[in-house]
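In: Could you look at this predicted model? Sequence included:
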Amino acid sequence: MNTPRNRVLVTGGSAGIGASVCRLLDEAGWQVLNFDIHSPVDAAPCEWTRVDMADQDSLARALQTAIAQGPLLGLVNNVAAIRPAALEDTRLADFDWQVGVGARSALQCAQALVPAMRAAGRGRIVNVTSRAALGKELRSGYSAAKGALNALTRTWALELGAAGITVNAVAPGPINTEAFAAANPADSPRTRQILEGIPVRRLGTPDDVARAVAFFMGENNAFITGQVLHVCGGITVGLSQ
């Protein structure tokens, strides 16, 4: 008789880091649900639900449907939104959109899933943040969203630890994804500066990040909570943390 697999929600799981997270968590034994506005790029081992994470009502309906099918004991808040702009050029609507997708949706998902985790006496939440939370030019909205996620990680860890729920963050550095390429043109001096500043002398891969997420999601890793792990090739070493 097969034991039912624990269910996990991954937001933004259709491509890049999110797709790698879905694959590795499936291999680790989780039943993966993916909320994303885009369809999966590959035949990903997950159940995809089309959700506009900027739309609170759409997300609420999707969460209600997912919860009705059974408890979700895992949550990976991976979705992000980015519109690079200098401070003076950052539109308030763009700022609100980036924070809404990257941080508000994480709060909404956690609020919906935590009751079942409390009832089960266990749960795992991993927030995918970014080294940009330490500061990065042209990223007012994006860094604000990721910095908020780091703060939420610590706050939730304090609130949920006694319930057997761990909350940690994985903060990627430069990762070779389509999103990175779009925001960091190959011929840009800023991009060259990033590459030259990575101690391991290469961009990270989505799997580099997904392996860290899978570690925090592990059933045996119940004594680690409230941590922010930079998966960055060493680029954050020496920066204020």
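Out: Looks like it came in fine.
In: need the next SSE after the longest strand along the chain, C-terminal direction.
Out: In the chain, with assignment by DSSP state E, the single longest strand is strand 165-172. Going down the chain from strand 165-172, the next helix or strand is helix 178-183, by DSSP states H and E.
In: Next secondary structure element downstream of that following helix?
Out: Helix 178-183 is succeeded, C-terminally, by helix 189-196 (DSSP H and E).
In: mean confidence for that following helix?
Out: The pLDDT scores in helix 189-196 average 85.
In: so what does the next helix or strand after that helix touch, helix or strand wise?
Out: Next helix or strand after helix 189-196 toward the C-terminus (DSSP H and E): helix 206-217. If contacts are counted by 3 or more C-beta pairs under 8 Å, 6 or more residues apart in numbering; DSSP states H and E, helix 206-217 sits against helix 16-27, strand 74-77, strand 123-128, strand 165-172, strand 228-231. Using the backbone N, CA and C atoms, a C-beta is placed for each residue, glycine as well.
In: Could you save the ones you listed as TSV and add columns showing mean pLDDT?
Out: Converted to TSV, the helices and strands packed on helix 206-217 look like this (pLDDT from 0 to 100):
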stretch	mean pLDDT
helix 16-27	97
strand 74-77	98
strand 123-128	98
strand 165-172	98
strand 228-231	98
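In: closest to Pro206 out of those?
Out: Closest to Pro206 of these is helix 16-27 (C-beta to C-beta; 3.8 Å).
In: which strands and helices sit next to the closest one?
Out: strand 7-11, strand 31-36, strand 74-77, strand 123-128, helix 206-217.
In: shaky segments in this protein?
Out: 1-3, 239-241 (pLDDT under 70).
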